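S.K.: Kindly generate the corresponding structure for this input.
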Amino acid sequence: MDTIHIANFLPVSEEALDVVRDVDPRVEIHNVSQNLIRWMREPKHPGVDRTAADAEREELQRRDRIWFTFFSGDLAWEASALEWISLASAGANQILDYPIGEHVVITKMPGLAARVIGEWVMGFMLMDAKRMIFHLDSHRMGTWERSEPDTLEGKTIGIVGYGAIGAEIARLAEGFGMRVVGIRRRASGDGTPPVGAPDNVALIWPPERLNDVLSESDYVVLAVPLTDETHRLIGEQELAQMKPGAALINIARGEVVDWDAQVAALESGQLRASYTDVTYPEPLPDGHSLWNAPNLFITPHNSGLQPDYFGKAAHRFADNLRRFLNHEPLLDVVDRNAGY
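M.R.: Numbers count the residues shown, from 1 in each chain. Here you go, the predicted model:
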């Protein structure tokens, strides 16, 4: 009986890994050491044992057929045993820049964090409508100052990237009486919402109708994967197309936005506010000028975090592992040409 060697790069509990082991008695999981992970991220870190890291790297490259990971593309191109990379993320841009052989299947996990990211977006919109940043500042200064809060009811959200996350945002927004329009790569040309969309979804357009979505939205939410087509998707021209005084929310990737153009739009008032969970560069260095940009609220790529994220990812990995071992088509295979 041939052993099925799996390299696990993620902080998954042993209880969750047992779900993966239970798929087949031949499964043997090798947890990648923190020494190797640190070497991959900071190869010159003084705490790295480079000799041990090199030895471990070479062993997993020649031994492990399957990698359960977020990253590690820099190791994959030399991995002679590798057949499948199972990414525990919705996107794949962090790995597709590496020369990984076409024989290696790459899968992703879209929607795994859709609920919590949707909650984060609603939190941003509620903060904006209720002027919470103003009240936090007043609280810190110890002053009693009232504001003129708005309501989300009747507002239009433009979701650029109406996938699993976008659909969850729309579902949550329905309870607030918000109207939704959006952009979806595979949308019909007449704006018809996809089957199963909440009743508040009015129109879902293909990408060439982006300006139509921008021009009528009170909140524009970026939820697209990072690809060649979406790099700097929102620049000076697109910001100018937005409804004057609208707010931008980015839970996609920092590179989807032209940051200089975004700051200029905030300074001019064309863009009332911007709420972003991603930046470029990322992590955003301490003291970077963006920390002081007007009406820009930044969180540190936190929106997808949730209790037992990796346990949930392990269950989904186990389901796909059964398919892999039964020679069935894998779910959520990354389209390398599309970039996600």
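
S.K.: can we go C-alpha only for contacts and neighbour counts from here?
M.R.: OK.

S.K.: is it fair to say G154 lies in a helix?
M.R.: No. Applying DSSP: H, G, I helix; E, B strand; the rest coil, one finds G154 to be coil, outside a helix.

S.K.: out of everything not next to it in sequence, what's closest to it?
M.R.: M178 (5.2 Å; Cα to Cα, 6 or more residues apart in numbering).

S.K.: same question, D64
M.R.: In space, D64 is closest to H5, 4.7 Å off (Cα to Cα, 6+ apart).

S.K.: for R209, same thing?
M.R.: Computed as Cα to Cα, 6+ apart, the closest residue to R209 that is not its neighbour in sequence is I183, at 7.5 Å.

S.K.: is it true that that neighbour touches G166?
M.R.: No. The criterion here is Cα atoms under 8 Å, and I183 misses it with G166 at 9.6 Å.

S.K.: circling back: isn't the residue nearest to D64 up against V27?
M.R.: Yes. H5 is within contact range of V27, at 6.2 Å (criterion: Cα under 8 Å).

S.K.: out of the two, which sits in the busier spot?
M.R.: Each of H5 and V27 has its neighbours counted (other Cα atoms under 10 Å); H5 has more, 19 against 16.

S.K.: pLDDT of the helix or strand containing the more buried one, averaged?
M.R.: Using DSSP states H and E, the element containing H5 is strand 4-8. Averaged over strand 4-8, pLDDT sits at 98.

S.K.: ok, residues contacting that strand?
M.R.: Here strand 4-8 makes contact (Cα atoms under 8 Å, 6 or more residues apart in numbering) with 26-32, 60, 63-69.

S.K.: which intervals of the stretch 151-300 of the chain have sub-threshold pLDDT?
M.R.: Applying pLDDT under 70 to the stretch 151-300 of the chain picks out no residues at all.

S.K.: where exactly do the helices run in it?
M.R.: For the stretch 151-300 of the chain, applying DSSP state H, counting those that start in this stretch gives helices covering 164-174, 210-216, 236-241, 259-268.

S.K.: one step back: next, the contact list for the residue nearest to G154, please.
M.R.: By Cα under 8 Å, 6+ apart, the contact set of M178 is 152-157, 200.

S.K.: ok, and what's touching stretch 226-244?
M.R.: 91, 93, 211, 214-218, 224, 252-253, 255-259, 261-262, 265, 269-272, 338-340.

S.K.: The nearest residue to F297 once chain neighbours are set aside: neighbour count?
M.R.: The shortest distance from F297 to any non-neighbouring residue, by Cα to Cα, 6+ apart, is to Y275 (4.8 Å). As a burial measure, Y275 scores 21 neighbours (other Cα under 10 Å).

S.K.: which residues does Y275 bridge with?
M.R.: When bridges are called by DSSP bridges, Y275 pairs up with I249, F297.

S.K.: could you measure the closest residue to W291 other than its chain neighbours against L136, distance?
M.R.: Leaving aside its chain neighbours, W291 sits nearest to I298 (7.6 Å; criterion: Cα to Cα, 6+ apart). According to Cα to Cα, to the nearest Å, I298 and L136 sit 15 Å apart.

S.K.: Output stretch 174-185 in CSV, but only the C-alpha positions, please.
M.R.: The C-alpha trace of stretch 174-185 is given here as CSV (Å, rounded to 0.1, in the frame of the first residue of the first chain):
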residue,chain,number,x,y,z
GLU,A,174,-31.2,43.0,2.1
GLY,A,175,-32.1,43.2,5.8
PHE,A,176,-31.1,46.9,5.7
GLY,A,177,-33.3,47.7,2.7
MET,A,178,-30.4,48.3,0.4
ARG,A,179,-30.4,47.9,-3.4
VAL,A,180,-27.6,46.0,-5.1
VAL,A,181,-26.1,46.3,-8.6
GLY,A,182,-22.9,44.5,-9.6
ILE,A,183,-20.3,43.3,-12.0
ARG,A,184,-19.7,39.6,-12.7
ARG,A,185,-17.4,38.2,-15.3
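
S.K.: Same question for it: list its buried residues.
M.R.: The neighbour-count check on stretch 174-185 (16 or more other Cα atoms under 10 Å) flags 174, 178-184 as buried.

S.K.: Reformat the residues you listed as TSV; add distance to E83.
M.R.: Formatted as TSV, the buried residues of stretch 174-185 follow (distance: Cα to Cα, whole Å):
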residue	distance to E83
E174	42
M178	45
R179	44
V180	41
V181	40
G182	36
I183	34
R184	31
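
S.K.: Closest to P99 out of those?
M.R.: Closest to P99 out of the buried residues of stretch 174-185 is R184 (28.5 Å), distances taken as Cα to Cα.

S.K.: Tell me who's in contact with that closest one.
M.R.: Taking Cα under 8 Å, 6+ apart, we find R184 in contact with 160-163, 204-207.

S.K.: now, which of those residues sits nearest R115?
M.R.: Among those, G163 lies closest to R115 (Cα to Cα), at 12.4 Å.

S.K.: starting at the chain centroid, how far to stretch 53-60?
M.R.: Centroid displacement of stretch 53-60 relative to its chain, using Cα atoms, centre = their mean, to the nearest Å, is 29 Å.

S.K.: er, stretch 207-224 I mean
M.R.: Put simply, stretch 207-224 sits 18 Å off its chain's centre (Cα atoms, centre = their mean).

S.K.: Figure out the length between the terminal residues of it.
M.R.: Distance across stretch 207-224, first residue to last, is 11 Å (Cα to Cα).
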